[in-house]
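K.L.:
model the structure of this input:
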Amino acid sequence: MFTGLIEATGRVERIDAKPPGRVLRVATTLGGGLSAGESIAVNGVCLTVASCDGAGFEAVVSPETLRVTTLLTTSEGRLVNLERPLRADARFGGHFVLGHVDGVGRVTALRPEGDCHWLEVETSAALAPYIIHKGSIAIDGISLTVASLTGATVGVQIVPFTFAETTLREIRAGDAVNLEADVIGKYVARLLGDRLAAGERRQA
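P.N.:
Now for the predicted structure:
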């Protein structure tokens, strides 16, 4: 499990085809603190470290992960957000992030507001019901609070530290981003949906 509090950024150093998936090499100072077999979130996508050294790590990206995340279109040289899993004895910040991306959104606006920035992302119609005003959402693995919600467009305020220390400093309108809705909301929605369906079956 992750929290959406980004530890570091890295650069995609190399992408090797391994049909039907691929192998990602990420250059980062976190490499020396990783071990083969452990998880790491790359732009909000939970991957398994295949190998690592002091300069970075490699991870295999499966065909399914490529289909449902931005890792399909990520290119060499791209800046990525990195977070190691939450330790059991660590303080909890952010929100519950599983690294299981729900969908890909599209940045529609990123503009300065004083020292902060305002970011708007268009989500899919399927994901929109799981996002609530003042709730949490992970955008490229970053834990953020939904400040506005208009239809399928999510607006979030970016504070200076988050902007400077994450990939947001290089993002542009039109870019694709990974989105993960709050897992608690998804479980509640599923539970209520199952109960509603059960009630309809009893009435039939």
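K.L.:
buried residues in stretch 46-61?
P.N.:
46, 47, 49, 52, 56, 57, 58, 59, 61 (16 or more other CB atoms under 10 Å). C-beta coordinates here come from the backbone N, C-alpha and C atoms, glycine included.
K.L.:
just checking, the first one is part of a strand?
P.N.:
Read it as residue 46. Yes - assessed with DSSP: H, G, I helix; E, B strand; the rest coil, residue 46 lies in a strand.
K.L.:
does it touch residue 100 like I think?
P.N.:
Yes - using CB atoms under 8 Å, residue 46 is in contact with residue 100, at 6.6 Å.
K.L.:
and the two most separated of the buried residues of stretch 46-61?
P.N.:
Maximum pairwise distance in the buried residues of stretch 46-61, criterion CB to CB, is 17.7 Å, between 46 and 56.
K.L.:
quick one: low-confidence residue ranges for this protein.
P.N.:
194-204 (pLDDT under 70).
K.L.:
quick one, strands of it?
P.N.:
Taking DSSP state E as the test, the strands found in the chain are 8-18, 21-27, 39-42, 45-53, 56-61, 79-83, 103-113, 116-122, 136-139, 142-145, 148-150, 153-158, 176-181.
K.L.:
columns distance to residue 89 on top of those, output as JSON lines?
P.N.:
Output for those, formatted as JSON lines (distance: least, CB to CB, whole Å):
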{"stretch": "strand 8-18", "distance to residue 89": "21"}
{"stretch": "strand 21-27", "distance to residue 89": "26"}
{"stretch": "strand 39-42", "distance to residue 89": "17"}
{"stretch": "strand 45-53", "distance to residue 89": "21"}
{"stretch": "strand 56-61", "distance to residue 89": "24"}
{"stretch": "strand 79-83", "distance to residue 89": "17"}
{"stretch": "strand 103-113", "distance to residue 89": "33"}
{"stretch": "strand 116-122", "distance to residue 89": "33"}
{"stretch": "strand 136-139", "distance to residue 89": "23"}
{"stretch": "strand 142-145", "distance to residue 89": "20"}
{"stretch": "strand 148-150", "distance to residue 89": "35"}
{"stretch": "strand 153-158", "distance to residue 89": "30"}
{"stretch": "strand 176-181", "distance to residue 89": "25"}
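K.L.:
among those, which comes closest to residue 168?
P.N.:
Among the strands of the chain, the nearest to residue 168 by CB to CB is strand 153-158 (5.9 Å).
K.L.:
buried residues, that closest one. List them.
P.N.:
Under the neighbour-count criterion of 16+ other CB under 10 Å, strand 153-158 has 153, 154, 155, 156, 158 buried.
K.L.:
that strand - contacts with which helices or strands?
P.N.:
Other helices and strands packing on strand 153-158, by 3 or more CB pairs under 8 Å, 6 or more residues apart in numbering; DSSP states H and E, are strand 103-113, strand 116-122, strand 136-139, strand 142-145, strand 148-150.
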